[in-house]
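Engineer: Mind looking at a prediction? Sequence and model below.
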Amino acid sequence: MARNNHSLCKKRRESMFDGDGQVSMGSVVVKPNTRKIRRILPKNTASNIRGAPSEETNPQGTLVGFAGSTADAFTLLERLEGKLDEYPGQLTRSCVELAKGWRTDKYLRRLEASIIVADKNVTLELTGNGDVLESHDGVIAVGSGGHFALAAARALMDQPLGAEEIAKKAMDIASEMCVYTNNNYIIETIDIDPEEDSTDDSASSTDEKVN
């Protein structure tokens, strides 16, 4: 199985995805610079409809990062795109519907992957057990080095640092401690509207368990 690692940090007016570039199979590094973060853009943006004005309220799209089997992760990515088309602008509902299929579809149940998704409103983790989890503190990490990155990022959240600085420092620590993580990073950001950014003021949790 290929191993992947990345973390997400949300602070003040920015969500930051930071993913390393290493893909390993067993004890062998097969690729040091793979891209583990994707940005899903709405299909009705002006860039996708020639000559049509965009009425999309989320032009930054949705960021997706994955860990686990690469093929399984891309299967889930395709399913998520379909749900976002079905429920435009409703990331939480799209993820819950995807998780339902993950638990009930015989093919999906054999997939071994976890994904992190974020738009300007919410950040969620989808686990292989059918969970849809929102972090209570704005930090999520998955993958082999995820626990190292998560602990480091949480320790830095009360420091006068931006989301990008925290994510980079956390991934630096993870890359020094985890043999399946390197420091060849891919970074993506989403700007958060000031009125929608309540992460620093109060913690909210939207955890869903699909039985």
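Structural biologist: Received the coordinates, thanks. Numbers count the residues shown, from 1 in each chain.

Engineer: Extract the residue ranges of this protein that are flagged as low pLDDT.
Structural biologist: Within the chain, the stretches with pLDDT under 70 are 1-13, 44-59, 107-110, 128, 193-211.

Engineer: Now do the strands in it.
Structural biologist: Secondary structure of the chain (DSSP state E): strands at 2-3, 5-11, 14-19, 23-25, 28-31, 37-40, 62-68, 113-118, 123-126, 131-133, 139-143, 186-191, 208-209.

Engineer: Point out the most buried one among those.
Structural biologist: Of all the strands of the chain, strand 5-11 has the most neighbours on average by mean count of other Cβ atoms under 10 Å, namely a mean of 29. Quick note: C-beta positions are derived from backbone N, CA and C, even for glycine.

Engineer: Show me what I140 is bridged to.
Structural biologist: L8 (DSSP bridges).

Engineer: can you check T62 too?
Structural biologist: For T62, the beta-bridge partners under DSSP bridges are I40.

Engineer: was I right about it contacting I40?
Structural biologist: Yes. Taking contacts as Cβ atoms under 8 Å, T62 lies within contact range of I40: 4.5 Å.

Engineer: shared neighbours of the two, anything?
Structural biologist: Shared contacts of T62 and I40 (Cβ atoms under 8 Å, 6 or more residues apart in numbering): L84.

Engineer: Save the strands of the chain as JSON lines, and put in distance to R93 too.
Structural biologist: Formatted as JSON lines, the strands of the chain follow (distance: least, Cβ to Cβ, whole Å):
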{"stretch": "strand 2-3", "distance to R93": "30"}
{"stretch": "strand 5-11", "distance to R93": "20"}
{"stretch": "strand 14-19", "distance to R93": "19"}
{"stretch": "strand 23-25", "distance to R93": "32"}
{"stretch": "strand 28-31", "distance to R93": "34"}
{"stretch": "strand 37-40", "distance to R93": "15"}
{"stretch": "strand 62-68", "distance to R93": "13"}
{"stretch": "strand 113-118", "distance to R93": "12"}
{"stretch": "strand 123-126", "distance to R93": "11"}
{"stretch": "strand 131-133", "distance to R93": "10"}
{"stretch": "strand 139-143", "distance to R93": "19"}
{"stretch": "strand 186-191", "distance to R93": "19"}
{"stretch": "strand 208-209", "distance to R93": "10"}
